[in-house]
Every structure is written in C-alpha cells, then in structure tokens.
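In: with the input below, show me the fold.
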Amino acid sequence: MIDLARHLHADGVIERVLGRPLPVVVFDMARPGWEAHATEAANPPELIVDFKAWLQAVGEV
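Out: Model (predicted):
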C-alpha cells in the first residue's frame, strides 16, 4: 500500500482525480500504531503535517 500511494502521488493521479493533492492514510486494524509510520512513508511530508499534529494531539506519537 505504501508503494502504491507513492506511485499515485508521483504520477499525479491523486491530484488529477481528486482535484488537489491529498494524503493517503494507511492503516491496519491488526497492527495498531503502525498508521503513523505507514502514512509518513506513503506521502510527501507536506501532505501529512495535519495528520501528524492530530496524532500528537491524541497521544498516538
């Protein structure tokens, strides 16, 4: 999923289809806590600033 998200960002698919660049939030219900690492790895840093701030606010990081 991380590689797919990177590919969709690099090729501009997300921006073209959705009208603007948006982060892909990656999660796995069987591995809690993995979301932060996976989402950070899958997205350009500027797209996950708000996600990382939210994680810190709820005490996940």
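In: tell me the pLDDT at residue 61?
Out: Per-residue pLDDT puts residue 61 at 70.
In: counting neighbours, what do you get for it?
Out: A count of nearby residues for residue 61, using other CB atoms under 10 Å, gives 14. The way it works is simple: take the backbone N, C-alpha and C, and place the C-beta from them, glycine included.
In: dump the residue contacts of it.
Out: With contact set as CB atoms under 8 Å, 6 or more residues apart in numbering, residue 61 has these partners: 36, 52, 55.
In: how near is it to residue 13?
Out: If you measure residue 61 against residue 13 using CB to CB, to the nearest Å, the figure is 28 Å.
In: what do you get for residue 57?
Out: Here residue 57 is placed at a distance of 30 Å from residue 13 (CB to CB).
In: who's in contact with residue 47?
Out: 9, 21-23.
In: can I get those residues in JSON lines with secondary structure?
Out: JSON lines is the format used below for these (DSSP: H, G, I helix; E, B strand; the rest coil):
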{"residue": "9", "secondary structure": "helix"}
{"residue": "21", "secondary structure": "coil"}
{"residue": "22", "secondary structure": "coil"}
{"residue": "23", "secondary structure": "coil"}
